[in-house]
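K.L.:
Provide a 3D model corresponding to the input given below.
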Amino acid sequence: MHLDEGKRQFIESWGQLGINWGSNKTMGMVHALLIMTPEPLCSDDIMEQLEISRGNVCTNTRTLIDWGLVHKKFKKGERKEYFIAEKDVVTIFKAVIYQRKKKELDPMLKVLSEISKVEGGCCESDEFCKVVNELNQFSHNADKVLTNLINTERKWIMGALMKFMR
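P.N.:
Numbers count the residues shown, from 1 in each chain. Purely as a prediction, here's the structure:
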């Protein structure tokens, strides 16, 4: 396989992964391009290589910056903004977990907290309350685990991963 084919496959696959992470395919593709490129790229470079619009580049790079996955770089003597991806896989992993937690788990915790106040009194409401309370407890535990993982040092995460893989 030639380098160009490998890059194309990586960009396409990372784009699909982006959908699973709660973003969009183009955001994943922009991220993939920036991950594999050793030098920062400007919007024009990204537009050309991915064949996407300037607006699409602007929107997706802004979101990637907000996620902490991409950083702006400035080149002396140039007015263009350049972008470079975070290359540390643990930092990428933690950023994605943080965003997924924020988009998925945090809203669910809020809903579970609100509906856990349903009053009992019949068999159906008692069962409802039981299930909601179990989900609430599980979700709070998951929240604690994810929060700890986000705040954990790199060496601990890598050590835990290695133990898990044995």
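
K.L.:
show me the contacts for V57.
P.N.:
The neighbourhood of V57, defined by CB atoms under 8 Å, 6 or more residues apart in numbering, consists of 30, 43, 46-47, 50. Yep, even glycine has a C-beta here, placed from its N, CA and C like the rest.

K.L.:
what residue lies at the spatial centre of this protein?
P.N.:
What sits nearest the mean C-alpha location of the chain, by CA atoms, centre = their mean, is V96, with 2.5 Å.

K.L.:
out of the contacts of V57, who's the most crowded?
P.N.:
V30 (32 neighbours; other CB atoms under 10 Å).

K.L.:
how about the residue nearest to the centre of the chain: what's its closest non-neighbour residue?
P.N.:
Computed as CB to CB, 6 or more residues apart in numbering, the closest residue to V96 that is not its neighbour in sequence is W21, at 5.3 Å.

K.L.:
need the next SSE after the host helix or strand of W14, C-terminal direction.
P.N.:
Per DSSP states H and E: W14 is located in helix 3-20. Reading on from helix 3-20 to the C-terminus, the next helix or strand found by DSSP H and E is helix 25-36.
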